[in-house]
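prediction below, plus the sequence it came from.
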Amino acid sequence: MNSRIKIGGTLLFLVLVTAGVISERLPLFVIVTYLSISIITYIAYARDKSAARNGQWRIKESTLHLLSLCCGWPGAVIAQQYLRHKSQKLSFRVGLWCMIVLNTAGLGWSISPQGQAYLPIF
């Protein structure tokens, strides 16, 4: 997939979540969480790339995927494109897209009537 499409899709997602917050369909913490965890994820990718170049201790792929699942996938996508890190390994890319699908499905469920009924429990 073209990197412009990936970056554009990621930015579109963030704009839509922001619109959801502005229209009060989503609470403010949703966009704050996506942005905060995305920054942490981007930094994790940058540190891992630096460690790879310097032959140092690396961040586990499972940790990077967990960050992506926990709302950091926009930062992961941007890091892959701008840092050119973890962008060639097919198994990692497939794993990342699985995390993106799971995360966005969870967000979609949380704004559905069924999800809204369960949210007060959390």
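Sure thing, it's come through.

hang on, Val17 packs against Tyr34?
Yes. Counting by C-beta atoms under 8 Å, Val17 touches Tyr34, with 6.0 Å between them. Where you see a C-beta, it was placed from the backbone N, CA and C, and this is true even at glycine.

so Leu102 sits against Leu69, correct?
Yes. The criterion here is C-beta under 8 Å, and Leu102 meets it with Leu69 at 6.0 Å.

ok, those two, which is more surrounded?
Leu69 (19 against 14; other C-beta atoms under 10 Å).

nearest spatial neighbour of that one, chain-adjacent residues omitted?
Spatial nearest neighbour of Leu69, excluding adjacent residues (C-beta to C-beta, 6 or more residues apart in numbering): Met99 at 4.4 Å.

show me what contacts the one you found?
His65, Ser68, Leu69, Trp73, Ala76 (C-beta atoms under 8 Å, 6 or more residues apart in numbering).

now Thr18
Counting by C-beta under 8 Å, 6+ apart, Thr18 makes contact with Ile31.

quickly note the distance from it to Leu102.
For Thr18, the distance to Leu102 equals 21 Å [C-beta to C-beta, to the nearest Å].

before we move on, the earlier item: filter the contacts of Met99 down to the ones in helices?
Counting by DSSP state H, the contacts of Met99 place His65, Trp73, Ala76 in helices.

surely the first one meets Leu96?
Put plainly, it is His65. Yes. Assessed by C-beta under 8 Å, His65 is found in contact with Leu96 at 6.7 Å.

check which helices and strands the lengthiest helix in the chain is in contact with.
The residue-count maximum for a helix in the chain (DSSP H) belongs to helix 28-54. Helix 28-54 sits against helix 3-22, helix 61-67, helix 73-83, with contacts defined as 3 or more C-beta pairs under 8 Å, 6 or more residues apart in numbering; DSSP states H and E.

just the buried positions in it, please.
Across helix 28-54, burial judged by 16 or more other C-beta atoms under 10 Å covers Val30, Ile31, Tyr34, Leu35, Ile37, Ser38, Thr41, Tyr42, Ala44, Tyr45, Asp48, Lys49.
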